[in-house]
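Enquirer: Please work out how this folds:
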Amino acid sequence: MKSFLIDVIIPAYNEEKSIGKVIKDIPRELVRYIVVCNNNSTDRTGKVAKEMGAVVIDSKEKGYGNACLSGIEYIMGLEHSPDIIVFLDGDYSDYPDQMDRVVNPIIRDSYELVIGSRALGNRQQNSMQPHQIFGNWLATRLIKFFYGYIFTDLGPFRAITAEALKKINMEDRNYGWTVEMQVKAAKYKLRTSEVPVDYRARIGISKVSGTLKGSVLAGYKIISTIFKYL
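Expert: Take a look at the predicted model:
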């Protein structure tokens, strides 16, 4: 793994209670930079992340995709861009110490995109709401039907090569980020894989699935993104 440069991008909005735990659990021997994209937080998210040794990028425009795009712009602008970029959430629902599971298929078997699947791993009770589970089920089956690619989850914990990320040219600025990446991976015929990852109840209330408005908007965006690239 030492021959591969791996950077981590963590989009974060008001995650001061969890972001330190996320950073602490990342296997530092695997990664070069941990980039926290502070998405207009009104709490101490950025300060805590800096104290834990992360690079903090301020993404002023709200939106999950906006935060990720800010992180990509920073990383790709470095003198030496990474070979692999890992994405995970800042709410401590993912298990950062399982990062080797997500990057190993790229390193060992030359995959270009690896999804950490919560459906294949151990999911803590109540870590996902019923509408989230159904939404993942529906979205992944639509991707299989229309694009011929098999996924079991739209999980946020994932790894992609820098070259593949450039090729798919990510655009979504909010709820459709994860599904856009998977749909474009199918469209561009990337070599993809899934690995089981565990999942626990997040710290705090979800800004998406925790509200009716967020859930409806996310569901609409996910479905519309699947049809957008046909």
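Enquirer: Spatially central residue in the protein, please.
Expert: The centre of the chain sits closest to Pro156, judged by CA atoms, centre = their mean, with a distance of 3.3 Å.
Enquirer: Any idea how many residues pack against the closest residue to that residue other than its chain neighbours?
Expert: Leaving aside its chain neighbours, Pro156 sits nearest to Asp89 (4.7 Å; criterion: CB to CB, 6 or more residues apart in numbering). Any C-beta I mention is one placed from the backbone N, CA and C, and that applies to glycine too. Number of residues near Asp89 (other CB atoms under 10 Å) recorded here: 21.
Enquirer: Who are the contact partners of Asp89?
Expert: Residues counted as contacts of Asp89 (CB atoms under 8 Å, 6 or more residues apart in numbering) are Ile10, Pro11, Val22, Pro156, Phe157, Arg202.
Enquirer: With Gly65 instead?
Expert: Contacts of Gly65 (CB under 8 Å, 6+ apart): Met170, Glu171, Asp172, Arg173, Asn174, Tyr175, Gly176, Trp177, Glu180.
Enquirer: can you rerun that using 6 Å?
Expert: Gly65 sits next to Asp172, Arg173, Asn174, Trp177 when contact means CB atoms under 6 Å, 6 or more residues apart in numbering.
Enquirer: Now name the helix or strand holding the residue nearest to Pro156.
Expert: In the assignment (DSSP states H and E), Asp89 maps to no helix and no strand.
Enquirer: What pLDDT is listed against Lys207?
Expert: Lys207 carries a pLDDT value of 64.
Enquirer: Assign a three-state SS to Ala201, would you?
Expert: Following DSSP: H, G, I helix; E, B strand; the rest coil, Ala201 is assigned to coil.
Enquirer: ok, it touching Ser127?
Expert: Yes. Contact criterion CB atoms under 6 Å: Ala201 and Ser127 qualify, at 4.6 Å.
Enquirer: Tell me where this protein is predicted with low confidence.
Expert: Scanning the chain with the threshold set as pLDDT under 70 gives 1-2, 207-214.
Enquirer: mind listing what the top strand by length along the chain pairs with, with the direction of each?
Expert: Taking DSSP state E as the criterion, the chain has its longest strand at strand 6-12. Paired strands of strand 6-12, with direction, are strand 34-38 (parallel), strand 84-87 (parallel) (DSSP bridges).
Enquirer: what about whichever helix or strand comes after the last one, distance to the chain center?
Expert: In other words, strand 84-87. Going down the chain from strand 84-87, the next helix or strand is helix 99-109, by DSSP H and E. When distances are taken as CA atoms, centre = their mean, to the nearest Å, helix 99-109 is centred 15 Å away from the chain's centroid.
Enquirer: tell me what helix 99-109 is packed against?
Expert: Helix 99-109 sits against strand 113-117, strand 158-161, with contacts defined as 3 or more CB pairs under 6 Å, 6 or more residues apart in numbering; DSSP states H and E.
Enquirer: now those as a markdown table including distance to Tyr147?
Expert: Formatted as a markdown table, the helices and strands packed on helix 99-109 follow (distance: least, CB to CB, whole Å):
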| stretch | distance to Tyr147 |
| --- | --- |
| strand 113-117 | 13 |
| strand 158-161 | 17 |
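Enquirer: To Ile6, which of those strands lies closest?
Expert: Across these, the minimum distance to Ile6, taken as CB to CB, is reached by strand 158-161, at 7.9 Å.
Enquirer: next structured bit after that closest one?
Expert: helix 162-168.
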